[in-house]
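A.B. asks: Give me a 3D structure for the following:
(chains A and B)
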Amino acid sequence: MNRTRTVLGLVGVVTLTAALAGCSGGEGEANEGAIRVAYQKTATFTAMDELMHTAKKEYEAANPGRTVELVPIEAEQDQYFTKLALMNGSPDTAPDVIYEDTFQIRSDAAAGYLQPIDDYLADWDGWELYDEGSRQAGLGDDGKTYGVSLGTDTRGLYYNKDVFEAAGLPTDWAPKSWDDILDAARTIKKASPDVVPMNIYASNVLGEATSMQGFEMLLYGTEDELLDTDSNAWVTGSKGFLDALGFYETLAKEDLGPDPAAALDANWGTKVSTELLPAGGLGIALDGSWLPSQWIEGENEWPEWHDTLGFAAMPTQDGGGDGFTSMSGGWTLAMGANADDPQAAFDFIAQALTPENALFYHQEAGQIAVRSDVAENQEYLDYNASFEFFSSLVPYTHFRPATPDYSQISSNIPVATEAVFTGQATPAEAQEQYDSALVGIVGEENTQAG
Amino acid sequence: MTAVAPRGTVARGRGPAPRPRPAGRTLTRLLPLLPAVLLLAAFMLGPIVYSLYGSLTDRAMTGPRAANPQFIGLDNYAELFASADFWNSLWLTVVFILASAVIGQNVLGMALAVLLRSSVKPLRSIVGGLVVLAWVLPEIVAAFALYAFFSTDGTLNVMLGWLGLEGTSWLYSFPLATVIIANIWRGTAFSMMVYNAALAEVPPELTEAATIDGAGAWQRFTRVTLPVIRRSISTNLLLTTLQTLGVFTLIWVMTGGGPGTQSSTLPVLAYQEAFKFAQLGYGTAIATVTLLIGAAFSVVYIRILKPEVD
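C.D. replies: Model prediction:
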């Protein structure tokens, strides 16, 4: 009995110590007066890290006595949002400058995490370089500007010409409908059983990547959308939603997609771009315009990418409408609501976006130019051969519904795609579940049957 | 014999004499306890009360409801109890606890303790050391190790390949079973140590007497040893259950609660709702329910296997 008590006591002491240690961390370490900058860094995305280090050096040299504290958050996209929201939850940890996805701006502005920067933009001569679309992307619900765009992106189809050749498919492939894509995938499967015919993100763990590069690339090629922009009501039970899930079901049922066990891995996105595509293990990939930037130099260098890969615009469901579709997002630099010295924080943002830095970032991160000085720069145009193709998708592109609720609603989409892709639910069941989650978030009165 | 002493104490306390102590003296005696009580209130009770309150609001991680959460009473709980995901998670949690803690860790821990007692010293040290190693590893390290073991191109499938057998994607095809095995692997050492200590306190005379009376090994174990270490069993059940109820890292790293919701126990569900779907209030409600389940298990153990006072 005594020993048991000792064990119990020990467990208690350990637990309490751990709890106390947890409370004491983090505080007192903050660098007084420093500008705290939070941004994302991953194995395949280091451009932001480089940009921030350059900007820190330049800013500190230009403002003696001032310091910049860089807080790189090493996490994939979905986890990055979570960590950022937690940092923003307390004034002690909230960053002054934030690398912020455009789709989080309205939501985070409404949450009181960001502060408007219109006054500072008015005095900044760089602002007139930005096109109208990128200015819109930084707006909050109240019409104030919260972020300065770092560039935009589009999405389309990558295909491996070697795989296509082996399957007897044309190497200047240009699908006109979903069926064309599926047919190509079926042909690849027959010709090369070891190759994954097509990848489209389906897993819950990839979060917004699944929503945007995957599901929405299908949905916005149907006649339906997530939000009816005329009535400003969220759409439930639409045929387009069901058909988009049906596409996932077809891939899964005919084994045209990746093995679900692999596709559900958190690092699947990295695997696709650094292993499968370069090794010829994947026929068709529906993905974002930034992929080639990592093949140009660095750890994942793949000089042959331009000869091996072909690009095709994503067709609409049956070739209707504009014939093609794409989704655009992009990221911004935004100012935290708790920035002690907003002017200093903005000065840092401006420093990060000097013409040289903007050019560097657009090139390194594979961004589609939103600034006239970058877009016209020959160095930029020559840097990456895919820029031309992905820029040509801009006329077909769609933007995610920019409401404060979007990020919450969007996180329910991967639940539906994963359920269908893994065979746990039929498209109809998955849609029903999404609809009920949607109603839970926005309320019955803000929805309409599609 | 054990019950007499406490009853006596109670009788003395309630009797007319001696007279109740003056309030001032009682206060003085309680004074040294004050810091402990305050610490407990601040670090244990505080968060619990605050999370109880949080579960009655619609607070979100971002968006307007992050800035101005509303008090919504029991709506979160109503929604929770109407949700199929919740009942699924509750069921998974119960299975996870029963299989990995109550049966796995306890039975295996006991078996190891018994077997090691009767084995030679070097073997005892080696096996004991190995088992304890699993327990000493930080949870996140253990989780990654087990992920590497069970993943499709992981150690297990490589070893099966040597035997000419074809593996499968364990984490995908049998998510709950793999996390149960992982938790047993990780937690058995604790049970083993508790039982080791308990077995050492079984008086040898009792066992010897039973042997002389003609009891076999199994009978000695069930009729003598088990009743004697009953209190340790109860304590151990309680601790392993509570520990398992809170397991998050292991499951999160290995399966992420998936595929779909096939391994999302209540802590995973709470995390998903609070941080992935940004519904902090709703997630807190799930955490509160988890707390109550822990309390319920504790009450059951204490009642059924009431540790008698010596």
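A.B. asks: C-alpha only now, for contacts and for neighbours.
C.D. replies: Will do.
A.B. asks: what secondary structure does A:Asp119 sit in?
C.D. replies: Classification of A:Asp119 by DSSP: H, G, I helix; E, B strand; the rest coil places it in helix.
A.B. asks: Compute the number of surrounding residues for it.
C.D. replies: Counted with other CA atoms under 10 Å in any protein chain shown, the neighbours of A:Asp119 add up to 11.
A.B. asks: Kindly report the same for A:Trp331.
C.D. replies: 23.
A.B. asks: where does the stretch 201-310 of chain B come near chain A, residue by residue?
C.D. replies: Taking CA under 8 Å from any CA of the partner chain as the criterion, the stretch 201-310 of chain B approaches chain A at residues B:231-232, B:235, B:256, B:259-260, B:275-278.
A.B. asks: how about the residues of chain A that lie near chain B?
C.D. replies: Proximity of chain A to chain B (CA under 8 Å from any CA) is limited to residues A:1, A:3-4, A:7, A:19-20, A:78, A:82, A:85-86, A:106-112, A:204-205, A:261, A:264, A:404-405, A:408, A:411-412, A:415, A:418-419, A:422, A:424.
A.B. asks: Quick one, which of those residues are buried?
C.D. replies: Applying 16 or more other CA atoms under 10 Å in any protein chain shown to these, the neighbour count classes A:1, A:4, A:7, A:78, A:82, A:85, A:106-112, A:204-205, A:261, A:264, A:404-405, A:408, A:411-412, A:415, A:418-419, A:422, A:424 as buried.
A.B. asks: Give me the residue at the spatial middle of chain A.
C.D. replies: In chain A, the C-alpha nearest the mean C-alpha coordinate belongs to A:Ala209, at 5.4 Å (CA atoms, centre = their mean).
A.B. asks: Average pLDDT for the strand or helix carrying that one, rounded please.
C.D. replies: With elements taken from DSSP states H and E, the one containing A:Ala209 is helix A:208-209. Averaged across helix A:208-209, pLDDT comes to 92.
A.B. asks: Output the contacting helices and strands for it.
C.D. replies: Here helix A:208-209 touches helix A:77-88, going by 3 or more CA pairs under 8 Å, 6 or more residues apart in numbering or on different chains; DSSP states H and E.
A.B. asks: buried residues in stretch A:67-77?
C.D. replies: For stretch A:67-77, a neighbour-count test (16+ other CA under 10 Å) marks A:67-73, A:75-77 as buried.
A.B. asks: closest to A:Met48 among those?
C.D. replies: Within the buried residues of stretch A:67-77, distances to A:Met48 taken as CA to CA reach their minimum at A:Pro72, with 9.1 Å.
A.B. asks: Quick check, the closest one in contact with A:Phe45.
C.D. replies: No - taking contact to mean CA atoms under 8 Å, the distance of 11.4 Å between A:Pro72 and A:Phe45 leaves them out of contact.
A.B. asks: Excluding sequence neighbours, find me the nearest residue to A:Ala449.
C.D. replies: Counting by CA to CA, 6 or more residues apart in numbering or on different chains, the nearest residue to A:Ala449 once its immediate chain neighbours are dropped is A:Thr236, at 4.9 Å.
A.B. asks: The one you found: how many residues sit nearby?
C.D. replies: A:Thr236 has 21 neighbouring residues, counting by other CA under 10 Å.
A.B. asks: OK, contacts around it?
C.D. replies: Under the criterion of CA atoms under 8 Å, 6 or more residues apart in numbering or on different chains, the contact list for A:Thr236 reads A:435, A:447-450.
A.B. asks: do the same with B:Asn106
C.D. replies: Remark: with contacts taken as CA under 8 Å, 6+ apart, B:Asn106 is in contact with B:188, B:191-192, B:236-237, B:240.
A.B. asks: List the buried residues for the strand or helix carrying A:Ala252?
C.D. replies: For A:Ala252, the host element (DSSP H and E) is helix A:239-253. If you call a residue buried by 16+ other CA under 10 Å, then helix A:239-253 has these buried ones: A:239-249, A:251-252.
A.B. asks: How far off centre is that helix?
C.D. replies: Relative to the mean C-alpha coordinate of its chain, helix A:239-253 is positioned 22 Å out (CA atoms, centre = their mean, to the nearest Å).
A.B. asks: follow-up on the earlier one: restricted to strands, list the buried residues of stretch A:67-77.
C.D. replies: Counting by DSSP state E, the buried residues of stretch A:67-77 place A:68-73 in strands.
A.B. asks: hang on, the earlier thing: which one among the contacts of B:Asn106 gets closest to B:Ser118?
C.D. replies: Comparing these against B:Ser118 with CA to CA picks out B:Met192 as the nearest, at 14.0 Å.
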